[in-house]
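Visitor: Model the structure of this input:
(2 chains)
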Amino acid sequence: MTRRPSDEMGARAGREADVHRIKAEREIDDELAFHRERTIGELIERGMSQAEAEAEAVRRFGRVAGHRQRLVGIEMRRQSGERRRAVLEVFRTSLRSVWRGMRRSPGFTLGVMAILTLGLGVNAITFGLVDRLVLSGPAAIDEPGDLRRVVVHRKSRAGAALETTELGYLDYRDLLNAKQLAGAAGESGSPLLFGAGENAEPIQGRLVTANYFPLLGVSPAIGRFFTPDESEKDGARVVVLGHAFWHRRFGGDPAVIGQILAIESHRYTVIGVAPRYFTGSAVTRVDVFLPLEAASDEQVEGPWRTSRNFRWMGAIVRLAPGASDGAASDELTALYRQGYAAEPDADREARLELTPLNAVRGATAAGDLGIAALVGGVALLVLLIAFANVANLFLARALRHHDHVAIRLALGGARGRLVLEQATEGALLALCGASVAVLVAVIGAKPAQLLLFPDVDWLETPVNLRALVFIAACAVVGGGLAAALPMWQAGRADLVRWLRTGGHRASRTRTQGVLLLFQGALSVLLLVGAGLFVRSLVKAQSVGLGLDTGRLLVVSAQRGEAPTRPDFRAALRAVVGTIPGVENTTLAAGTLPFVSSWALRMKVPDLPERPVVDDGGPYVHAVEPGYFETVGTTIVEGRPFTGADRDGAPRVGIVNHSMARLYWPGASAIGKCLQIGPDNSSCSTIVGIAENTRRQEIVEGDSLLYYIPLEQAPPDLRRGGRLVVRTSSDDSRLLARISETIRREALVLEPGLRYVTARPLDDVISPQLRAWRLGAGLFSAFGLLALTVAGIGLYSVVAFDVEGRRREIGVRAALGASSSMILRLIVGDGVRLAAGGVVLGLALAWMLAPMLANLLYQVTPQDFTVFAGVAVALVGAAAVASVIPAFRAAHIEPSEALRDE
Amino acid sequence: MLLGLLPGTLDVLVLKALADSPNHGYGVARWVREATDEELVIEDGALYTALHRLEHRGLLRADWKPSQSNRRAKYYTLTAKGTRVLNQQTAAWRRSAAALSKVLDRSPRKASS
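Guide: Numbers count the residues shown, from 1 in each chain, chains lettered A, B, ... in the order given. Below you'll find the predicted structure:
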């Protein structure tokens, strides 16, 4: 066997044209040499000398070079026509054979098509998702290839390495001076409240600097964008609507320009509408764009324009023509460090890096992108399994029709042709499957999009041209290979065996074994993924939240500019207390788990240098005495607040476990002093320690939290209290009914209310479990599917084996082997067959699983339990798949089996 | 006297040369030379061009076979389509030759005034 360096394979394709020319030239030269020889021979016979004859032959032929060139040209055209005809002929034969096959064994054809439709359909849907989220990135942007997001790598004050996109306003202004950039713009996402009263609606806002739109190269659908003066100087209240929002709320009416909209507690004038599909630098839905400076004046409290300690915005930059990422990030890093030169505790080693807008990994990758990549990967695995299964089906058919195949092969020279025919048949079937798959995708894409990525602004065509090309290519290449592979293999080793056994069935082929190995390995991969996600989900769900979230509703209300009832909150509380199913109510201000965070100026006289933690804090809760009992937080030491802890009484506080341990290690926090408010405030004596509760996320580190009685809280904090309602059960219908009643009653009490919701706390938390739920569901569904398919594959191979070994088994039985021995023999064979796949799959999973690491929670990607569990499950499945054929083997009658021959 | 070849005639000539039996290029050249008593000057190169063009158009089929001298030669065979074209062309040639001779045989008439 000759071996070629692999790079020559590629070059060979490039030299194909030359090869064709050489072939044509050889053909012509051979023909003309014959002509010349005969002419000279004849002339010499007529009496000419060799030299004379040669001269005469040349004279008769005419201009040799010219004629030859013309002939070669014609010959090349003829040969290429012939090649085309040969391909068409194969195509026709395959079409005929598909048609014949369909009539002869519709089960086979339908089986192949169904498997391919499934595999391709899943991929058609996910390709659309991956394409939108990862491959093409945000839509309607001019030359997105030059755009980058700025990522800061720095150390926090507590010394932990941070990777963040959050910059301060001054940091962003510094970027504007970079020579390596063609421009920079700032942005920040922000949920906003639009409208008032019954119709108030939470919307997605994006706060952007005036140069944002020009930087991304978009022009308004109608109207205009912000001017630098509007945003930078006095923060004009102007708004640009997102295209979809404009259509949804204003029916696409151009007269919207100039209208005044209520957003949060201010009025904004509509000046323009963004172009269709434009969602800024990310793919999530954007309803309105506001000038960053104007909106920040309202939302960010403090000197954010002049201090570097306010970091909340991100920056998008466009590289200058010819600038490299490396050079640009060096320059930006220098500018950034220069900006912080005068700051006392800034990280001198901080670095700025640039990443593409649609980066899948790293700090800038939105969770959606990682999930999209994951879904895409899983879909590809499903496709591979489908193709492996199709290959198996084709192989089984080839084995059934082995006489026909063997004869055709024995006739010689036909193998390439046979392989090509099979490949075409496979590709054709796959294309049929692909057409159905595309239909499935057109119908199924929308639900999949909404289920997997509810926040993304989807384009209207779920299956675009790129997706069609991708699916068609997958179908042709995969279908062709899957169908041709068995025939390729047949051409090699099995031919001789087929012929030697005189047309009797031989034992299973190596290809079958390889396909089983492959399917088994892929099933293991998927099941390991499933196991890892299920474990993460279980872990995340059982995290001690320190709260009884299932039975809590949080009422948020925003009052209008002229509230009519000063006692609204108390009145609402009184009404809510009478609603059937409500067990308890309490008011809480400041920090509320998963809802809001609040910090007050606070000093600890015992600690001149307070320990710093990464997520800031300590955060303050201002609560009523009944709060702990209502939300289900336990006081682990000391006492809760009582009615006696009122305004004017000695000030008291409760700290959470983490704060107690960090501030007073080795000592009890009870009786210690917190100075809350101005420096000369009196001590709030710590009277209790509460268990840790989560602040924002299920999977965050423990926050430093403390509690003060609501009545002793500063007045501005007290005013913002929320009503927390505990219900008698966590039944979702009851919760829905109560929250609707609360909404209605609230609007009765205060008709001018801008906004009111009563949300179950679990609804707030459950999106945080989405990635694991999704991963667990996706991997489990596909993993079980793969396992079933692999099990059927194993079953058919073992059954096939038993059929081929009837004689051998008969002999064993005749020699006294008991049924159970034969049973063990066959099941053992099946398990051994599967074992290879399991080992390979576990090895692959071991290597690939770390890619999932940052999607998992408290589970190492190489979790032993998961790996062991999957191995056991697969071996068990293999045993089950082998049992039926094994029973059949065990009941073979020796006399019959031996008489068969 | 040596004659030049009228345009379009070469193809018909080649088809005719192969009408009875398959032959190789050399054989066709020789047949043409003999059949026209060497009065037509046809370069062998042009003859081959015609053969290949006709093959490409599907009027001829070519196969490599051992020749009488036992050396491999490319033999051309008239296809069914080739036979049809030859017959059509022959008929057309006859008609136009007859018409032309009629014109040429006629005595010149004086222009009427």
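
Visitor: where does chain B have low pLDDT?
Guide: Within chain B, the stretches with pLDDT under 70 are B:1-7, B:109-113.

Visitor: and chain A, which residues reach chain B?
Guide: Taking C-beta under 8 Å from any C-beta of the partner chain as the criterion, chain A approaches chain B at residues A:30-32, A:34-35, A:37-39, A:42, A:60-64, A:66-68, A:70-71, A:74-75, A:77-78, A:81. Any C-beta I mention is one placed from the backbone N, CA and C, and that applies to glycine too.

Visitor: What ranges does chain B have for its helices?
Guide: For chain B, the helices defined by DSSP state H cover B:9-17, B:25-35, B:44-56, B:80-105.

Visitor: what's the first one in contact with?
Guide: In this case it means helix B:9-17. B:23, B:27-28, B:31-32, B:35, B:40, B:42, B:46-47, B:50-51, B:53-54, B:59-60, B:78, B:82, B:85-86, B:89-90, B:93 (C-beta atoms under 8 Å, 6 or more residues apart in numbering or on different chains).

Visitor: at 6 Å instead, please
Guide: Outside helix B:9-17, the residues that touch it by C-beta atoms under 6 Å, 6 or more residues apart in numbering or on different chains are B:28, B:31-32, B:50, B:82, B:86, B:89.

Visitor: got the buried residues for that helix?
Guide: B:10-17 (16 or more other C-beta atoms under 10 Å in any protein chain shown).

Visitor: and the angle for it with helix B:80-105?
Guide: Going by axes from the mean of the first three to the mean of the last three C-alpha atoms, to 10 degrees, helix B:9-17 is angled at 120 degrees with respect to helix B:80-105.

Visitor: and the longest strand for chain A?
Guide: The longest strand of chain A (DSSP state E) is strand A:181-194.

Visitor: Using neighbour counts, pick out the buried residues of it.
Guide: Here strand A:181-194 shows A:181, A:183-188, A:190, A:192-194 as buried, counting by 16+ other C-beta under 10 Å.

Visitor: As CSV, could you dump the C-alpha coordinates of that strand?
Guide: The C-alpha coordinates for strand A:181-194 follow below in CSV (Å, rounded to 0.1, in the frame of the first residue of the first chain):
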residue,chain,number,x,y,z
LEU,A,181,-9.5,52.9,17.4
ALA,A,182,-11.8,54.3,14.8
GLY,A,183,-14.2,55.0,17.6
ALA,A,184,-15.7,54.0,20.9
ALA,A,185,-19.2,54.1,22.4
GLY,A,186,-20.7,53.3,25.8
GLU,A,187,-23.8,51.3,26.6
SER,A,188,-25.6,49.8,29.5
GLY,A,189,-28.7,47.6,29.7
SER,A,190,-31.5,48.5,32.0
PRO,A,191,-34.9,47.1,32.7
LEU,A,192,-37.4,50.0,32.7
LEU,A,193,-41.0,50.7,33.4
PHE,A,194,-43.1,52.0,30.5
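
Visitor: So which elements touch that strand?
Guide: strand A:201-208, helix A:212-216, strand A:311-319 (3 or more C-beta pairs under 6 Å, 6 or more residues apart in numbering or on different chains; DSSP states H and E).

Visitor: ok, back up a step: looking at the helices of chain B, which is buried most?
Guide: Mean neighbour count (mean count of other C-beta atoms under 10 Å in any protein chain shown) peaks for helix B:44-56 among these, with a mean of 22.

Visitor: Spell out which residues of chain B are next to chain A.
Guide: Contacts of chain B with chain A, taken as C-beta under 6 Å from any C-beta of the partner chain, map to B:25-26, B:43-45, B:48-49, B:52-53, B:56, B:73-74.
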